[in-house]
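Undergrad: What follows is a predicted protein model with its sequence.
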Amino acid sequence: GEPNGHKAHELLHTHYHNRKRNQGSSINLVESNVQNKVAVTVCVGTGCFVRNAQGLLNSLIEKVKKAPYAGKVEVNATFCQEHCDKGPTVTVGGHKIESASLEKICSILEKEVERI
């Protein structure tokens, strides 16, 4: 064809496709059987993992198990929350926390438990 023609556009035009392999999947680590519960999801994908997401997850599980609200909280691990450069990323009841710390998580978690 010709430069900038239809065939060139067809061959050179690119599209973005999400390559997230584990979309929507998570691993339940602390289960709650109550109807009104607060879901906590910790990203353990590569970007978050190198920023100590595994240590944060372990500390969070221990804290939740010992807390008075233990039965009202469900903790899950997921493989990517698409904020790899700002990890570890944690979602608490719909609130996304970037560069999460145990203190930040617990602060929001306690407020969310009080709301239910």
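TA: In hand now; what should we look at?

Undergrad: quick one: the strands in this structure?
TA: Taking DSSP state E to define them, one finds strands in the chain at 26-30, 38-43, 73-78, 90-92, 95-97.

Undergrad: would you list every one of the helices in the chain?
TA: Per DSSP state H, the chain carries helices over the ranges 6-12, 46-49, 53-66, 102-115.

Undergrad: which one of the ones you listed has the most crowded surroundings?
TA: Among the helices of the chain, helix 46-49 has the highest mean neighbour count (mean count of other C-beta atoms under 10 Å), at a mean of 19. Bear in mind the C-beta positions are built from the backbone N, C-alpha and C, glycine included.

Undergrad: in the lowest-mean-pLDDT helix or strand in the chain, what's buried?
TA: The weakest-scoring helix or strand in the chain, judged by mean pLDDT, DSSP states H and E, is strand 26-30 (a mean of 77). Neighbour-count burial for strand 26-30 flags Ser26, Leu29 (criterion: 16 or more other C-beta atoms under 10 Å).

Undergrad: Name the nearest residue to Leu57, ignoring sequence neighbours.
TA: Nearest non-adjacent residue to Leu57, counting by C-beta to C-beta, 6 or more residues apart in numbering: Val42, 4.7 Å away.

Undergrad: Show me what that neighbour is bridged to.
TA: On the basis of DSSP bridges, Val42 is bridged to Ala77, Val90.

Undergrad: How much space separates it from Glu10?
TA: Per C-beta to C-beta, to the nearest Å, Val42 is found 43 Å from Glu10.

Undergrad: The closest residue to Ile116 other than its chain neighbours: how many residues sit nearby?
TA: Once flanking residues are discounted, Ile116 sits nearest to Asn36: 4.3 Å by C-beta to C-beta, 6+ apart. Asn36 has 9 neighbours, counted by other C-beta atoms under 10 Å.

Undergrad: again with Glu74
TA: The burial count for Glu74: 18, using other C-beta under 10 Å.

Undergrad: Settle this for me: it is touching Glu31, isn't it.
TA: Yes - counting by C-beta atoms under 8 Å, Glu74 does reach Glu31; the two are 6.1 Å apart.
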